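Enquirer: Here is my input, please return the structure:
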Amino acid sequence: MQADTTPTGLQDHLGYWLRLVSNHVSAAFARRLDGQGVTVAEWVMLREMFGADPLPPSRLADRMGMTRGAISKLADRLLDKGLLARTADPDDGRAHTLSLTDTGNALVPTLARLADQNEAEFFAVLTAEEKEAVEAALRRVVAHRGLTGVPVT
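Expert: As a prediction, this is how the structure comes out:
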């Protein structure tokens, strides 16, 4: 008896459908954020810092599951935009903390509303029960696989 050598199709995989939806949700959100002058990665960092005490970049990197280099690049862009402040540690000239500026703090709720609108537009077709089921299933996969980090792209 010969084994079936026909490969499965792309659309036969749940991952295909997850990625298809995810790509479109993310691209639409990126367009919304572009109107506010920030990227998705910058939004994620702003949201992580919203309401938080000043953080050293290393702790922020750990919280977000990103490298320190990536955090540094994001921080530099947000500093240039006036949305983030860097404060030197008075006891250690090499150390510093990051915090949102007043402008950054004021922008986060606006960006969060855009995220909510994007979410509503894409998932309005689902009932509340379907949304809960999809989220529960994905959370179960995350827990089972031990997935960490904050998706930024």
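Enquirer: low-confidence ranges in the protein?
Expert: Across the chain, residues meeting the criterion (pLDDT under 70) sit at 1-2, 153.
Enquirer: May I have the residues that are in contact with Ala70?
Expert: The contact partners of Ala70, by C-beta atoms under 8 Å, 6 or more residues apart in numbering, come to Ala61. Any C-beta I mention is one placed from the backbone N, CA and C, and that applies to glycine too.
Enquirer: Need the three-state assignment for it.
Expert: helix (DSSP: H, G, I helix; E, B strand; the rest coil).
Enquirer: Then Ala88?
Expert: Per three-state DSSP, Ala88 ends up strand.
Enquirer: ok, now which ones touch the residue nearest to it when sequence neighbours are not counted?
Expert: Closest residue to Ala88 apart from its sequence neighbours, by C-beta to C-beta, 6 or more residues apart in numbering: His96 at 5.0 Å. For His96, the contacting residues are Pro56, Pro57, Arg86, Thr87, Ala88, Asp89, by C-beta under 8 Å, 6+ apart.
Enquirer: which SSE is His96 in?
Expert: Using DSSP states H and E, His96 maps to strand 92-100.
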